[in-house]
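# Curious how this folds, go ahead:
(2 chains)
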Amino acid sequence: MTKNTVHDWLNEHGDYLYRFALARLRDPHQAEDAVQETMLAAIKNNSFEGNSSARTWLTGILKHKIIDLQRKKIREQPISDLIDLDASDASMDDFFDNSGQWLDKPQTLDMPENALEQKQFLSILSSCMDKLPAKLAAIFTMRDVQETDNEVICKELNITATNAWVMLYRARMGLRKCLEINWITG
Amino acid sequence: MKLMITCKQASQIISQSLDKPLSRSERIKLKFHLFICKACTRFNQQLRMLSDALKRIRRDTENDNTIRLPVEAKIRILNTIKSKDHSQP
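You can find the predicted model right below:
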């Protein structure tokens, strides 16, 4: 019976759940893992009561599984990365002079206009994210791609709000610089 | 209240504005700074553009009906669940 249910869930909602996960994790293998974990959790604690649709219920589980995967990714980080991030904001010296002025003034970036440009933009952005320390890339993905609440991020990653802002700031500073170099500037 | 802030401070407030509501004093300082600083105005646009583009791309992926859970993935998932089912009495 259980098997049939999972079979039905996958047939009816599998594509939707997979897209939902892929849009947030940007990695096909991780998206598949997230769907699988969702199915396992769904059978294990079958609390579905039919008040909401099965899809809404499964999506709710999936959201937690996506955060779990992100957290795992962050925990797998080498310790040195974490120490680096707790240090003073010396890395920001690359962007500003001693008086707090921009070393390189930001340029105008053009929005991706069509499907092709979006695809190019995403691939440039992905390679820019790969250049960030993984922890920064992960928190940036949680906040700006998944639109996770700041409070949830802090709770899940066990960091303070100030830590989160500093990390997001560094991630954004690094990404915008990388995009400015690699994407079309007006 | 000191009204003048540096570009470095302005960039930090701009980033925070994406994550929390700014305090009144932060808002005033930032508004004043952006009024006189073209570089930070661009930085503000860049961060908003980045965040908008990511949300748009995410939504497009979510709504792209051509993206489907691969059949092999479906089989893998069903097999995993079957094996876990057997292991539990």
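
# Only C-alpha atoms from now on, for both contacts and neighbour counts.
OK.

# Now residue A:37: closest residue in space that isn't a chain neighbour?
Once flanking residues are discounted, residue A:37 sits nearest to residue A:65: 6.7 Å by CA to CA, 6 or more residues apart in numbering or on different chains.

# show me the contacts for the one you found.
Neighbour list for residue A:65: A:34, A:37-38 [criterion: CA atoms under 8 Å, 6 or more residues apart in numbering or on different chains].

# Need phi/psi at it.
Dihedral pair for residue A:65: phi -70, psi -40, per degrees, to the nearest 10.

# Next: residue A:96.
The phi/psi pair for residue A:96 (degrees, to the nearest 10) is phi -130, psi 150.

# distance of it from chain B?
Noted for residue A:96: a distance of 7 Å to chain B, by CA to the nearest CA, to the nearest Å.

# burial count for that residue?
17 (other CA atoms under 10 Å in any protein chain shown).

# for chain B, what helix or strand is lowest in average pLDDT?
When each helix and strand of chain B is scored by mean pLDDT, DSSP states H and E, helix B:71-87 comes last, with a mean of 84.

# Tell me the buried residues in that helix?
Buried residues in helix B:71-87, counted by 16 or more other CA atoms under 10 Å in any protein chain shown: B:73-74, B:77-78, B:81.

# wait, does that helix contact chain A?
Yes: contact of helix B:71-87 with chain A (CA under 8 Å from any CA of the partner chain) involves B:73-74, B:77-78, B:81-82.

# Now render those as a markdown table, adding distance to residue B:36.
Below are the residues of helix B:71-87 next to chain A laid out as a markdown table (distance: CA to CA, whole Å):
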| residue | distance to residue B:36 |
| --- | --- |
| B:73 | 55 |
| B:74 | 57 |
| B:77 | 57 |
| B:78 | 60 |
| B:81 | 61 |
| B:82 | 65 |
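
# And those residues, which two are furthest apart?
B:73 and B:82 (14.1 Å; CA to CA).

# most centrally placed residue in chain A?
residue A:141 (2.3 Å; CA atoms, centre = their mean).

# How about the contacts made by residue A:169?
Contacts of residue A:169 (CA under 8 Å, 6+ apart): B:12, B:15-16.

# where does it fall, helix, sheet strand or coil?
Secondary structure assignment for residue A:169 (DSSP: H, G, I helix; E, B strand; the rest coil): helix.

# before we move on, what about the one 5 residues further on?
At residue A:174, secondary structure determined by three-state DSSP is helix.

# Contact residues of chain B facing chain A?
Residues of chain B lying close to chain A (CA under 8 Å from any CA) are B:6-9, B:12, B:15-16, B:19, B:39-40, B:42-43, B:45-47, B:49-51, B:53-55, B:57-59, B:61-64, B:67-69, B:73-74, B:77-78, B:81-82.

# List buried residues within these.
By 16+ other CA under 10 Å, these give B:6-8, B:12, B:15-16, B:19, B:39-40, B:42-43, B:45-47, B:49-51, B:53-55, B:57-59, B:61-62, B:69, B:73-74, B:77-78, B:81 as buried.

# Least confident secondary structure element in chain A?
helix A:79-86 (a mean of 47).

# re earlier: going by distance to chain A, which of the residues of helix B:71-87 next to chain A wins?
The closest of the residues of helix B:71-87 next to chain A to chain A turns out to be residue B:77 (CA to the nearest CA; 5.5 Å).
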